[in-house]
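> Need a 3D model of the sequence below.
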Amino acid sequence: MASTQLYSFTLLLILFSSISNNFLAAKHGSYSVSRHHHHHHGGSHHGHNQAPPTNPKLQQAYIAFQAWKRVIFSDPNNFISNWVGPHVCNYTGVYCAPAPYDETLTVVAGIDFNHANLAGFLPNELGLLSDLALIHLNTNRFCGVLPNTLSNLTFLFELDLSNNRFVGPFPSVVLSLPSLYYLDLRFNEFEGPVPPQLFSKGLDAIIINNNNFTGSLPTAFQANISPSVLVFANNKFGGCLPPSIAKLADSLEELLVINTSLSGCLPPEIGHLYKLKVFDVSYNNLVGPVPYSMAGLYHLQQLNLAHNKLTGGVPDGICALPNLKNFTISFNFFCEEGWVCQNLSSKGIAFDDSWNCFPEKKRQRSENKCQAVYKHPVECSLVQCGGGGGGGGGGVPFAFPPVMVPAAAPLFSIAPSPSNG
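Model (predicted):
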């Protein structure tokens with residue numbers, strides 16, 4: 001892994017236009033699906049009229065890119081218009097670097113087609129690009145399934161296929177990539193269960209929101225993995241947020257589980273996630289109280305609990321968190337909040353407590369609706385978790401209708417790029 005990281009870092013230096021803001025920004029909580037990059041050439045600048053390269057790696061790359069060119073059916077921006085001749089390091093979107101195993105050997109190390117608006121599919125010949133460290137295809141119109149030949153990409157470190165039209169079951173080929181560290185599949189049309197092996201690969205970022213995945217979230221996270229970003233939003237998972245989430249305490253900074261039919265209660269173990277900056281479980285079927293342990297999330301900046309069926313009081317300790325910037329509890333059944341919470345707005349903190357059961361406050365639920373919920377108090381130890389596919393759990397009298405909602409968290413946007421067709 002260390003050699004692959006060095007290889008990727010070298011490539012990032014070559015790509016001076018910062019095409020690789022995915023992984024670096026994941027560590028700083030600032031990356032978004034809307035990335036804009038200039039179209040420019042790769043690391044080598046040979047003229048097209050020179051002799052073909054004798055480098056067998058670049059010869060294989062030429063075969064791969066010409067095969068890909070044949071199955072790109074729409075290129076309104078003329079992105080690949082210079083994919084002519086054998087000097088692939090001059091192709092737009094292609095980046096070359098010294099091989100990690102031989103500094104004298106130039107190889108194709110990165111592909112950046114972000115916002116190119118290309119339509120087509122991925123050919124089997126992409127498996128010839130065995131030295132790739134980065135693949136960024138964000139915001140195109142690629143469709144179909146991923147070729148199994150991608151398993152040859154043993155150095156692949158970042159894979160961003162977001163904002164495309166890929167289909168089929170979870171692309172299991174990614175499980176065979178030994179160096180993969182960053183995976184972004186958001187805004188595609190993948191479906192079916194997510195294999196549990198994904199969560200034991202040691203990825204830093206798993207971003208799979210806005211697909212049609214079903215099943216359940218992992219019930220037992222492992223202590224030997226260290227993701228900093230997990231984004232599951234707008235899928236059909238169901239189930240509960242497991243207490244084993246606490247095993248990710250030393251790494252997890254952003255957890256977005258919006259609109260995934262989560263049920264049950266929030267486990268107290270959430271309070272162990274001391275590095276957490278963004279926590280969004282809005283638009284689910286959560287019940288019961290907010291664990292007071294969350295008052296220990298010192299680094300928390302964005303907290304969104306809206307559109308659930310949470311009850312009880314809002315812990316003042318949460319409202320007093322020193323880094324809190326945005327706290328949303330609207331459309332629940334909270335009935336008590338202390339002085340600290342009531343004065344958040346005066347401190348410049350965005351706070352929304354509308355449509356709850358706070359007496360003497362405007363824009364709240366009716367007394368009848370509040371009483372109907374509090375007549376049936378929730379005992380979290382007895383609440384059953386719902387299965388995947390959108391079902392609610394025990395103790396949840398109703399389920400919210402499916403919606404497609406963006407995260408209310410500017411640190412990480414799950415909204416599609418405006419340029420996505």
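
> in the chain, which helix or strand is least confident?
Among the helices and strands of the chain, helix 21-26 carries the lowest confidence by mean pLDDT, DSSP states H and E, at a mean of 41.

> so which helix or strand takes in residue 166?
Using DSSP states H and E, residue 166 sits within strand 165-169.

> Give me the sheet partners of that strand and which way each runs.
According to DSSP bridges, strand 165-169 forms sheet pairs with strand 141-144 (parallel), strand 189-193 (parallel).

> Quick one: those strands as JSON lines, columns for mean neighbour count and distance to residue 283 too.
Placement of C-beta: from N, CA and C, glycine included. Shown next, in JSON lines, are the strands paired with strand 165-169 (neighbours: other CB atoms under 10 Å; distance: least, CB to CB, whole Å):
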{"stretch": "strand 141-144", "mean neighbour count": "18", "distance to residue 283": "28"}
{"stretch": "strand 189-193", "mean neighbour count": "15", "distance to residue 283": "20"}
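
> hmm, back to that, give the partner strands of the helix or strand that the strand holding residue 166 is followed by in its sheet and their orientations.
Under the assignment DSSP H and E, the closest C-terminal helix or strand after strand 165-169 is strand 182-184. Applying DSSP bridges, strand 182-184 is found paired with strand 158-160 (parallel), strand 205-207 (parallel).

> contacting residues around the last one?
Translated: strand 205-207. Outside strand 205-207, the residues within contact range by CB atoms under 8 Å, 6 or more residues apart in numbering are 22-23, 26, 162, 181-186, 198-199, 227-231.

> any idea which helix or strand comes after it?
Using DSSP H and E, the first helix or strand after strand 205-207 is strand 212-214.

> average pLDDT across the helix or strand following that next one?
Downstream of strand 212-214, the next assigned helix or strand under DSSP H and E is strand 229-231. For strand 229-231, mean pLDDT rounds to 98.

> what do you get for stretch 200-209?
The model assigns stretch 200-209 a mean pLDDT of 96.

> CA atoms of stretch 133-143 as PDB?
Extracted C-alpha coordinates of stretch 133-143, given in PDB (Å, rounded to 0.1, in the frame of the first residue of the first chain):
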ATOM      1  CA  ALA A 133      -3.600   4.700 -10.000                       C
ATOM      2  CA  LEU A 134      -6.600   7.100 -10.600                       C
ATOM      3  CA  ILE A 135      -9.800   6.800 -12.600                       C
ATOM      4  CA  HIS A 136     -12.000   9.900 -12.500                       C
ATOM      5  CA  LEU A 137     -15.100   9.700 -14.600                       C
ATOM      6  CA  ASN A 138     -17.400  12.000 -12.600                       C
ATOM      7  CA  THR A 139     -20.300  13.500 -14.600                       C
ATOM      8  CA  ASN A 140     -20.500  11.800 -17.900                       C
ATOM      9  CA  ARG A 141     -23.000   9.500 -19.500                       C
ATOM     10  CA  PHE A 142     -21.200   6.200 -19.400                       C
ATOM     11  CA  CYS A 143     -23.600   3.300 -19.100                       C
END
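
> from the middle of its chain, how far away would that stretch be?
Relative to its parent chain, stretch 133-143 has a centroid offset of 15 Å by CA atoms, centre = their mean, to the nearest Å.

> nearest to residue 382, of the strands paired with strand 165-169?
strand 189-193 (27.4 Å; CB to CB).

> chain center to the closest one: distance?
That offset, for strand 189-193, works out to 15 Å (CA atoms, centre = their mean).

> Can you name the next helix or strand after the lengthiest helix in the chain?
When the chain is scanned for its longest helix (criterion: DSSP state H), the result is helix 56-70. Using DSSP H and E, the next helix or strand after helix 56-70 towards the C-terminus is strand 72-74.
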